[in-house]
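Chemist: Got a predicted model here, sequence first, then my questions.
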Amino acid sequence: MTGQKDQNRMKYYSLRHQSPLVDFRTATITGQAPDGGLYFPETIPKFLPGFLRELRGLSKATVAFNVMRPYVGTTIGEDDLRRICAEAVDFAFPLVPVGEKVASLELFHGPTLAFKDVGARFMSRCLGYFAQRGDTPPVTVLVATSGDTGGAVASGFLGVPGVEVVLLYPSGKVSPVQEQQLTTLGQNITALEVQGTFDDCQALVKQAFQDQELAEKRFLTSANSINVARWLPQQLYYCFALQQWPEGATPPVVSVPSGNFGNICAGLLARASGLPLGHFIAACNANEPVPAYLRTGTFTPRPAVPTFSNAMDVGNPSNFARILELFDNDLAKMRAALGADTVSDADTVATIQRVWNEHGYLLDPHGAVAYAALRRYQAQHPEAAGMILATAHPVKFPNVVEPVLGRAIELPEVVQALQGRAKRSVPLAVDYEALKACLL
Ligand SMILES: *Cc1c(COP(=O)(O)O)cnc(C)c1O
């Protein structure tokens, strides 16, 4: 059985329309189209009625294979794709009730306690597959991280043959758990500890991608949600949620903590493929170009402002272009499926406090933004049952969460295992020539 109509020849086009169509393999190893546009699937596959009927009884690995098969096409053989899918979703995704009419889809039970684990694991194994078959020269994945992305990418790519990973992170500006996740793995993972800010890291990476001389010597690719191999598997969260949603109930309203809008865009894609999901809410912090767009119809990127939900501190969300495409650039169509809300730091902390006091459930700041936005929606739509996507484990944000609890959070096993491992990082000044020397 396949979940969707056969789409063996799925092609991807650039949203800037100045580049040739490519298959999944090329989209994955290059990340972005040569014209600087994001890749988008040429057709949106439809789930077959049988797949949706049987969804509840299928294993996660089977669901993953069925959802990803049409997007991957023939670029990866069936047995390999089945293995890659099984490994990418090899942990729990529980849907936990939090009071009445709210459930929390916990996406933080992967190896780095962040939802980015699924996309990073899927992408790393695809790249490893292409590299091992000699389809590509040895690849260097170059990533600037403010914390979560780097950890998920490092863990996902650890030990993948033919792939080197170089991470840039701002010294002293990631949490202790995050730094351990970045710096203690070794093998094919190199952590560069930059004596500057996250923006400095990002600027250095950007310069490296534009360096022609470097491109001739090193095949560089990125591993953020621009890459289709990281973006598309995020549809799976929504399938796993529906496997656990009460049978026969109205489809859930879905509140997604959003930064670069990759996750919510994947959910909207799954919905466009026929997955029975209700209204979507883009839950944002003070960085709100998308909520402003939905209010006014004008999109104005702004410099990011720092908040407690720092993985969402994005002033110009890269996947917004994909959301526009999904709704044919039609604002009315977008508003019919997607709302947005902005939650302040004060409301984020108050929400963590209230949910802990009333339900004994501990949210992280990102999940709290989603929860607050869902409750506001439900104040207007009292009949609507919904779910939030809990994107990170609260232990990653002790400075926000521990004052609410009044004590330290117990470290989960995967984090305990990192304790006492030697930190290995290479100090790097904010100096492009120094980075280039490192890469060569
Ligand atoms: C990356 C991240 C987000 C934002 O996801 P996007 O796909 O960029 O919108 C939300 N929460 C956490 C914890 C994250 O790490």
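Modeler: Yes, it's here.

Chemist: near the ligand, anything from stretch 314-333?
Modeler: No. Counting by CB under 6 Å from any ligand atom, the ligand has no neighbours in stretch 314-333; the shortest distance is 6.7 Å. From N, CA and C alone the C-beta is placed, and that goes for glycine too.

Chemist: Contacts made by the one helix or strand in the chain whose mean pLDDT sits lowest with the rest, please.
Modeler: The helix or strand of the chain with the lowest confidence, counting by mean pLDDT, DSSP states H and E, is helix 413-416 at a mean of 84. Outside helix 413-416, the residues that touch it by CB atoms under 8 Å, 6 or more residues apart in numbering are 111-113, 177, 180, 395.

Chemist: go again using 6 Å as the cut-off
Modeler: 111, 177 (CB atoms under 6 Å, 6 or more residues apart in numbering).

Chemist: chain center to it: distance?
Modeler: Its chain's C-alpha centre and that of helix 413-416 lie 22 Å apart, by CA atoms, centre = their mean, to the nearest Å.

Chemist: Show me which positions of that helix end up buried.
Modeler: 414-415 (16 or more other CB atoms under 10 Å).

Chemist: Enumerate every residue touching Gly36.
Modeler: So Gly36 contacts nothing (CB under 6 Å, 6+ apart).

Chemist: Now do it against the ligand, distance only.
Modeler: 19 Å (CB to the nearest ligand atom, to the nearest Å).

Chemist: Could you look up the SS state of that residue?
Modeler: coil (DSSP: H, G, I helix; E, B strand; the rest coil).

Chemist: so where does Ala283 fall, helix or strand?
Modeler: Per DSSP states H and E, Ala283 falls inside strand 280-284.

Chemist: Could you spell out the sheet neighbours of that strand, each with its direction?
Modeler: strand 253-257 (parallel), strand 338-342 (parallel) (DSSP bridges).

Chemist: right, quick check: the last one against the ligand, any contact?
Modeler: No. When contact is scored as CB under 6 Å from any ligand atom, no part of strand 338-342 falls within range of the ligand; the minimum is 11.9 Å.

Chemist: Specify the next element, helix or strand, located C-terminal of that strand.
Modeler: Counting by DSSP H and E, the element after strand 338-342 in chain order, helix or strand, is helix 345-359.

Chemist: Which residues does stretch 326-333 contact?
Modeler: 268, 297, 334.

Chemist: now do 10 Å
Modeler: Residues from elsewhere that reach stretch 326-333, judged by CB atoms under 10 Å, 6 or more residues apart in numbering: 40, 44, 265, 268-269, 271-272, 293-294, 296-297, 319, 323-324, 334-338.

Chemist: Same question for that stretch: list its buried residues.
Modeler: In stretch 326-333, counting by 16+ other CB under 10 Å, buried: 326-327.
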